[in-house]
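**Student:** Please work out how this folds:
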Amino acid sequence: PPQHAPDPPTPQAAPLPTPTPPLTDGCIQTEHAQPEPPLQYTDRPRPPTTEGAQPKRQALEPLPTNDQTRERTRLELASKLQTWTEGIRRAIDWNKHLPRRLAARLVPRAPATRPEDHGIPDGPIILCPYAGPDGHEAIDWAIQLAAPWLTPFVLALDTLRDATRHNMLSDDLYAHLAAKARHGEILAILGGPNCRTWSILLHKPLPNGTPGHPLRGREEPACWGLGDLTPEERLKTDDDSILALRLLELYAIARDHEHDPAFLMEHPEDPAVHSVEPTADTCSTIWETNAAQAFQHTYGMLLTSFPQSALGGRSGPKWTTLMYRHLGGLRQLAQLQHDDKVIHTHVHSSNTARWAPGLTQAIAHQLAKALPEMKHWTNQASTDRPRDTVATPSKHHTPDIQVTIGHKQRPLLSLIHISEPTRRRGIS
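**Tutor:** Got it, this is the predicted structure:
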C-alpha cells in the first residue's frame, strides 16, 4: 500500500524576548531576587494611559468651622424669617379694613406745589403735625429745651399756625411728606390728631337740654361714621379719620421702603375703661378699630395709657393712650394715677388739644435718646426756629467742633489745646 507522506512539522512560535530585570535602588536584580510574573498577552487590553499621569481628583471645599457654620445658619434663618414676616405683613395689610372712600385718600398723588411752598426743608426732618399754636407749651418748644441740636430738623405743622400750608388734609402736603418717607428723610413722626368726632363728649346732653348726638359707633364699619349722617357730618367725620390715618400711612410708607423712624400717636383712651358715662361702652374709640389694631401688630407698636392730669394737665383727668415705637421710656407713664383732690380750672375744649407740659417734656427727652447721632449732623436747610446746636458739619475738614447759636457760628477749642490748669479751673 502506498505510504502517506508525514505531516509537515508545526511551526514553532518565536521565543519571547526576555524582559530586562527591573531596577531596585539603582541596581539590577540578582537571581536571588523574586522574579517578575510573566506577561499574559491573553488578558483583556486596558485603555491606554498617559505615562506618569496621575488620576484627577475633584477639589474639595474646606470644611467650615463651627463659627462659620453657625453664622451661615443664622443668616439663612434670618432671611427666612424676614421673608415670612414680609409675607405676613402683606397678608395682614392694616389699611385693608378701611372703607374705600377713606383708603382712596391715603394714596399719594402727584403734587401741584413744591415742598418749600409748605415750609418743608431739604434733608431729614422730625415731623410734628397737629402741634398746636406756637408757644411754650408746644412740642417743638419742648424739643428745643431738651435737645437743642434737634431744633433744625423739627417741622411743626398746624392750621393754627398756617391754615393753608399746614393743612394735613391737603393732598399736596401729604404727597410731599410721603416722598420724604420713601426717601428715608423722616426721623420721627409725633402727633395727636383731632378727636372731636371720637369723643365721649358727643354722648353728653348739651347745656340747653338737647340730647347728645354721636357721629360714630363702636363696631365696624360704624366706627368710621354712622349711616344716617348728613353730608356735612360725613365730611367732618371722614376728615377726622384721615388726619389719624395719614399719620399711620406715612410711617407705613417709610417701613415699606426699609426705613424705621421713631413714631408716636396720641389719642383719647377707650372711654369704656375710665369714663363714668352710661353710654361709654358704646362710644367709639380708634383703639378698637381693626385698622389701628392691625397697624399695632404689624409694626410692633407699644401702647401706654395714663391720665394727663398727673403731668400738669388742666382739663381734668383726660385719660390718654400713646402708640409709639423707639420711645421705650414712655412705658413708665403707665404708673401714673389721677389725683381726685387736685382742683382743675375750667378750660375751654379748644385748649384741651394741647398736651400736658410733662407729656411734651417726656416725649422730647425720649426723642433725644432715640436720635443721639444727630448731635453730629448740621441741617443747613432753612427753618423758622433758632439754630442752637452743637455739631460737626461734614463740610468742615478741620476737627474743630462748630457751635451755632442763632446766626453766629464759632469753633469750639479742642480740649487737646487747653492746658491742664485751665481744665481744672474751667472755662468761663
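
**Student:** only C-alpha atoms for contact and neighbour calcs from this point on.
**Tutor:** OK.

**Student:** What's the mean pLDDT across the helix or strand where Arg74 lies?
**Tutor:** In the assignment (DSSP states H and E), Arg74 maps to helix 66-91. Mean pLDDT, helix 66-91: 65.

**Student:** just stretch 109-122 next, same as before
**Tutor:** Computed over stretch 109-122, the average pLDDT equals 95.

**Student:** And that stretch, end to end?
**Tutor:** Stretch 109-122 has an end-to-end distance of 20 Å (CA to CA, to the nearest Å).

**Student:** Could you do stretch 272-281 as well?
**Tutor:** Its start and end residues considered, stretch 272-281 measures 5 Å (CA to CA).

**Student:** again, but for stretch 101-110
**Tutor:** For stretch 101-110, the first-to-last residue distance is 19 Å (CA to CA).

**Student:** again with stretch 97-117
**Tutor:** Distances were taken as CA to CA; on that basis the terminal residues of stretch 97-117 are 34 Å apart.

**Student:** With stretch 245-265 instead?
**Tutor:** In terms of CA to CA, the two terminal residues of stretch 245-265 are separated by 10 Å.

**Student:** can you pull the buried residues of it?
**Tutor:** Neighbour-count burial for stretch 245-265, with 16 or more other CA atoms under 10 Å as criterion, is recorded at 245-255, 259-265.

**Student:** all strands for this protein, in order.
**Tutor:** Counting by DSSP state E, the segments of the chain that form strands are 23-24, 27-28, 125-129, 154-157, 186-191, 262-268, 302-307, 319-325, 388-391, 401-405, 408-412.

**Student:** which of those strands has the lowest average pLDDT?
**Tutor:** Of all the strands of the chain, the minimum mean pLDDT falls on strand 388-391 (a mean of 37).

**Student:** For the nearest residue to Gly192 once chain neighbours are set aside, give me its contacts.
**Tutor:** Of all residues beyond its chain neighbours, the one nearest Gly192 is Glu266 (4.5 Å), with distances taken as CA to CA, 6 or more residues apart in numbering. Taking CA atoms under 8 Å, 6 or more residues apart in numbering as the contact definition, Glu266 lies against 191-193, 320-323.

**Student:** Show me the helices in the protein, by range?
**Tutor:** When secondary structure is read from DSSP state H, the chain shows helices at 66-91, 100-103, 139-146, 171-182, 231-256, 271-274, 290-299, 357-370, 420-425.

**Student:** Dump those into CSV; add distance to Gly132 as well.
**Tutor:** Supplementary listing: the helices of the chain in CSV, determined by distance: least, CA to CA, whole Å:
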stretch, distance to Gly132
helix 66-91, 34
helix 100-103, 25
helix 139-146, 9
helix 171-182, 17
helix 231-256, 14
helix 271-274, 24
helix 290-299, 24
helix 357-370, 12
helix 420-425, 44
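
**Student:** For His166, see how far away the spatially closest residue to Ala156 that is not a sequence neighbour is.
**Tutor:** Taking CA to CA, 6+ apart as the measure, Ala156 lies nearest to Cys128, with 4.6 Å between them; neighbours along the chain are not counted. As judged by CA to CA, Cys128 and His166 stand 11 Å apart.
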